[in-house]
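>>> sequence plus predicted model, see below.
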Amino acid sequence: MKSNYQILVIGGGTGGIMTAAQFLKKDKNLSIAIIEPADTHWYQPAWTLVGAGTFDMAKTKRTMASVMPSGVDWIKDYAVGFNPNENIVRTKSNGDISYEYLVVSPGLVMAPELIEGLPEALDKGVVCSNYTDPIHTWNVLKNFKGGNALFTQPSTPIKCGGAPQKIMYLAAHYFKKHGLADKTNVIFATPGSVIFGVPEVKATLEKVLHRYKVHFKPFYAPFKIDAEKQIAYFKYVAPEGDDCVMKTETAIGEKISGETVIEIPFDMLHLAPPQAAPKFVRDSELANADGWLDVNINSLQHNKFANVFGIGDVAALPTAKTGAAIRKQVPVVVENISRLMNAQKEMDASYKGYSSCPLVTGYGKMVLAEFDYNNKFTPDPKLKQMLIFNSAKEHWRLWMLKKFMLPYLYWNKMLKGEKV
């Protein structure tokens with residue numbers, strides 16, 4: 001194995017594999033390596049469906065060897081640090097690897113320790129998360145007999161910001177189908193102010209909340225889980241001067257236990273754990289003040305080191321962290337690095353913040369939220385070929401897209417470097 005590459009990629013997830021594959025389609029003679037310690041590559045978007053018992057977990061994984069592009073050196077190791085002034089990445093076992101251009105795409109890591117009591121509670125008993133163990137989520141859902149079904153998310157950025165509410169809609173539909181709706185309180189507690197930031201999609205989701213009789217709790221930021229007593233603790237984080245007043249519902253057993261602290265008892269709790277950039281990024285000079293990779297939001301070039309680029313969940317970009325976002329980011333990075341390699345200083349390719357959130361609203365129903373940095377609704381014109389003329393509304397064809405077409409496109413097109 002060499003110790004120097006024209007293009008060095010950190011991460012064998014969606015961003016890293018796609019980047020290497022697209023570079024090789026442009027020029028198969030490039031020397032490219034991917035640093036990735038894992039043996040398995042996961043298709044995580046389907047984990048929402050696994051957690052609702054409608055997708056096979058085994059079909060969400062492939063061996064890393066099978067998705068690694070032919071012509072790439074796979075450095076099966078951990079990246080542990082950077083020396084960007086010397087164009088070096090430090091690894092755990094293989095020493096220093098140097099590069100001409102670096103693409104940082106290691107994803108993010110779960111940080112349950114940021115909520116008191118969560119590390120001990122997660123994926124045990126009635127506390128579950130599709131982010132960590134969707135099979136456990138399905139078991140919790142199947143064993144639920146009524147009471148408070150509480151769904152929440154942290155104040156940190158998270159991958160696929162819509163995922164905490166998708167499983168809530170599926171669970172509510174499941175309760176309805178199994179005669180549990182009348183003895184269940186479905187509660188969605190979020191630190192955010194609205195159910196979704198794109199107005200067209202928000203209007204639809206508010207109707208869905210009403211249909212399932214969801215107790216919607218904005219400005220609720222979870223900070224402690226008591227798994228033994230089955231109580232979740234939230235800080236009320238409405239900004240000062242906001243019209244919202246902290247109030248509780250006795251019907252769901254809410255209690256105020258401090259100036260801004262609310263307790264909610266639960267019989268089932270699903271949450272997205274807090275999330276962060278990997279430590280080796282957070283602790284490096286490539287990170288911004290919040291610990292995320294500091295890149296230009298349009299060119300995806302690092303703001304300090306011109307030969308470093310960032311893709312995906314690790315990047316400090318003000319848009320949703322999704323595979324769909326990566327699909328649009330990769331061609332921008334490939335084009336801009338190619339121009340730099342050819343001594344063209346102007347980087348024409350620009351990422352406008354596109355992301356997409358397939359919001360499953362029940363078994364057989366979905367809304368597709370596509371949007372940019374300005375939360376402008378930007379539906380793909382190709383949807384009309386599927387006879388979907390307004391993807392901000394629920395549609396069974398969108399469910400088919402989520403369950404069957406997107407996994408196929410992912411494994412057979414995206415990871416092979418084809419633009420879709």
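Okay, I see it.

>>> what distance do you get for Tyr24 to Ile388?
For residue 24 the amino acid is Leu, not Tyr. Separation of Leu24 from Ile388 (C-beta to C-beta, to the nearest Å): 34 Å. To be clear about C-beta, it is placed using only N, CA and C from the backbone, and glycine gets the same treatment.

>>> I meant Val214, not that one.
Distance from Val214 to Ile388, by C-beta to C-beta: 25 Å.

>>> which one of those two has more residues nearby?
Val214 (22 against 19; other C-beta atoms under 10 Å).

>>> what bridges to the residue nearest to that one when sequence neighbours are not counted?
Sequence neighbours aside, Val186 is the residue nearest to Val214 in space, at 4.8 Å (criterion: C-beta to C-beta, 6 or more residues apart in numbering). Val186 forms beta bridges with Ala149, as assigned by DSSP bridges.

>>> pLDDT score assigned to Val186?
Per-residue pLDDT puts Val186 at 98.

>>> what's the neighbour count on it?
Val186, neighbours per other C-beta under 10 Å, totals 23.

>>> so it sits against His215, correct?
Yes - the criterion here is C-beta atoms under 8 Å, and Val186 meets it with His215 at 6.9 Å.

>>> the longest helix in the chain is where?
helix 323-341 (DSSP state H).

>>> which helices and strands sit right next to that one?
Secondary-structure packing of helix 323-341 (3 or more C-beta pairs under 8 Å, 6 or more residues apart in numbering; DSSP states H and E): helix 14-26, strand 96-104, strand 308-310, strand 355-362.

>>> quick one, the second one and helix 14-26 angle?
Going back to what we said before, that points to strand 96-104. Going by axes from the mean of the first three to the mean of the last three C-alpha atoms, to 10 degrees, strand 96-104 is angled at 100 degrees with respect to helix 14-26.

>>> partners of whichever helix or strand comes after strand 96-104, with directions?
Later in the chain than strand 96-104, the nearest helix or strand by DSSP states H and E is strand 109-110. Using DSSP bridges, strand 109-110 pairs in its sheet with strand 275-276 (antiparallel).

>>> residues contacting the partner strand, please?
For strand 275-276, the surrounding residues in contact (C-beta atoms under 8 Å, 6 or more residues apart in numbering) are 108-111, 114, 154, 156-159, 282, 291.

>>> and which of those is nearest Val50?
Val50 lies nearest to Lys159 out of those, by C-beta to C-beta, at 15.5 Å.

>>> not counting sequence-adjacent ones, nearest residue to the closest one?
Lys321 (4.6 Å).

>>> quick check: that neighbour touching Gln329?
No - with contact defined as C-beta under 8 Å, Lys321 does not count as touching Gln329 (10.7 Å).

>>> got the contact list for Leu387?
Per C-beta under 8 Å, 6+ apart, neighbours of Leu387: Arg397.

>>> for it, give me the pLDDT.
For Leu387, pLDDT reads 93.

>>> quick one: it and Met400, what's the gap?
Distance, Leu387 to Met400, using C-beta to C-beta: 11 Å.

>>> Lys159 now?
Lys159 is 24 Å from Met400, by C-beta to C-beta.

>>> one more: Ile97?
Remark: distance between Ile97 and Met400 (C-beta to C-beta) = 43 Å.

>>> hmm, back to that, buried sites along the longest helix of the chain?
323-338, 340-341 (16 or more other C-beta atoms under 10 Å).
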